[in-house]
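Asks: Structure for this input, please:
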Amino acid sequence: MNPQDNQDPNATIEPQPTPTTQPQPAQVDPTSSVTQPVEPSPTQPQPQPAAAAPTARRETIALVALIMAIFSVFLPILPLATIIVAIVALVKINKNQSGGKGMAIAALFIAIAAILVQMVLFVIVVQTAAIDIQSRAQDTQQSSNNSSQNTSSSSQANPIDNSGASVTLRKDLLKAIYIKEVASGRTGSIAVVSVTKLPKQGTTFVEQWVVEIGGVETTYTIRITPTSDGGSDYVVTEKT
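Replies: Residues are numbered from 1 along each chain as shown. Down below sits the predicted model:
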């Protein structure tokens, strides 16, 4: 017999509630190294990326100072100008809170180092020039001394050069002396031993010559008087 046949046809049938299924939390295996991602709630606010910090504007004058500092190593006057430009750049950077401070400081140090190097080079050049001038002065003085010594040696080697007579007149005087020597019986080659200038007598020049012939020395007094026609009259006298 069917159970439905025993039910009252007039009875009201109430609907049965439908069972709901509750969501189960994700099971995490403690032995597993993989973490299951958890989806954020739709109502949870998403983190926003941090805003980038504004970049400070670089002062152009700092770059100019650095370029000037590089060239100041080779140019003598440029380091001073570079120091001024670098200081101006640092003042503007501190005032405007802009970039380029590192370049300005580097330019300042390079310029100062360039000044020190140029000062050392200047001292070296000056000392080298002073040594060169002193060496040249010593060479000139040495040459002058050598010339004086050569002149003295030449005078000693050629005593006749001490005479005030001209070269032609000297030859005539030697001939006159040689004739007197031969007349006195002394023959051979004649050599002038010394020539001494004596005090002038009026317009007459007086000299004393010592000559040697055959190992015998003889002293002569020579008087030379200039003439109106540009010549000279002379007298050779043997000193007894």
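Asks: can you list contacts of stretch 116-124?
Replies: With contact meaning CB atoms under 8 Å, 6 or more residues apart in numbering, stretch 116-124 is reached by Val73, Pro76, Pro79. C-beta: built from backbone N, CA, C; applies to glycine.
Asks: The same query, at a cut-off of 7 Å, please.
Replies: Around stretch 116-124, the neighbours that count as contacts under CB atoms under 7 Å, 6 or more residues apart in numbering are Pro76.
Asks: Put the alpha carbons of that stretch into PDB.
Replies: As requested, the backbone C-alpha atoms of stretch 116-124 are provided in PDB (Å, rounded to 0.1, in the frame of the first residue of the first chain):
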ATOM      1  CA  LEU A 116      99.400  75.600  -6.200                       C
ATOM      2  CA  VAL A 117     100.800  73.700  -9.100                       C
ATOM      3  CA  GLN A 118     101.300  76.900 -11.200                       C
ATOM      4  CA  MET A 119     103.000  78.600  -8.300                       C
ATOM      5  CA  VAL A 120     105.500  75.700  -7.900                       C
ATOM      6  CA  LEU A 121     106.200  75.800 -11.700                       C
ATOM      7  CA  PHE A 122     106.700  79.600 -11.500                       C
ATOM      8  CA  VAL A 123     109.300  79.200  -8.800                       C
ATOM      9  CA  ILE A 124     111.100  76.500 -10.700                       C
END
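Asks: Enumerate the positions of it that are buried.
Replies: Residues of stretch 116-124 classed as buried by neighbour count (16 or more other CB atoms under 10 Å): Gln118.
Asks: can you give me the strands for this structure?
Replies: Shown for the chain, the strands assigned by DSSP state E span residues 190-201, 204-213, 216-226, 232-238.
Asks: Can you add mean pLDDT and give those back as TSV?
Replies: Converted to TSV, the strands of the chain look like this (pLDDT from 0 to 100):
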stretch	mean pLDDT
strand 190-201	89
strand 204-213	91
strand 216-226	91
strand 232-238	89
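Asks: Which of these sits closest to Ala114?
Replies: strand 190-201 (69.0 Å; CB to CB).
Asks: Could you give the separation of the closest one from the chain centroid?
Replies: Centre-to-centre, strand 190-201 and its host chain are 60 Å apart (CA atoms, centre = their mean, to the nearest Å).
Asks: got the buried residues for it?
Replies: Across strand 190-201, burial judged by 16+ other CB under 10 Å covers Ile190, Val192, Val195.
Asks: deepest of the strands of the chain, which one?
Replies: Greatest average neighbour count among the strands of the chain goes to strand 204-213 (a mean of 18), per mean count of other CB atoms under 10 Å.
Asks: Show me what that one packs onto, helices and strands only.
Replies: helix 167-183, strand 190-201, strand 216-226 (3 or more CB pairs under 7 Å, 6 or more residues apart in numbering; DSSP states H and E).
Asks: And for the second one, what's in contact with it?
Replies: For strand 190-201, the external contacting residues (CB under 7 Å, 6+ apart) are 159-160, 162-164, 174, 177-178, 181, 206-213, 217.
Asks: With the last one instead?
Replies: Contacts of strand 216-226 from elsewhere in the structure, counted by CB under 7 Å, 6+ apart, are 165, 173, 177, 181, 186, 193, 203-211, 232-239.
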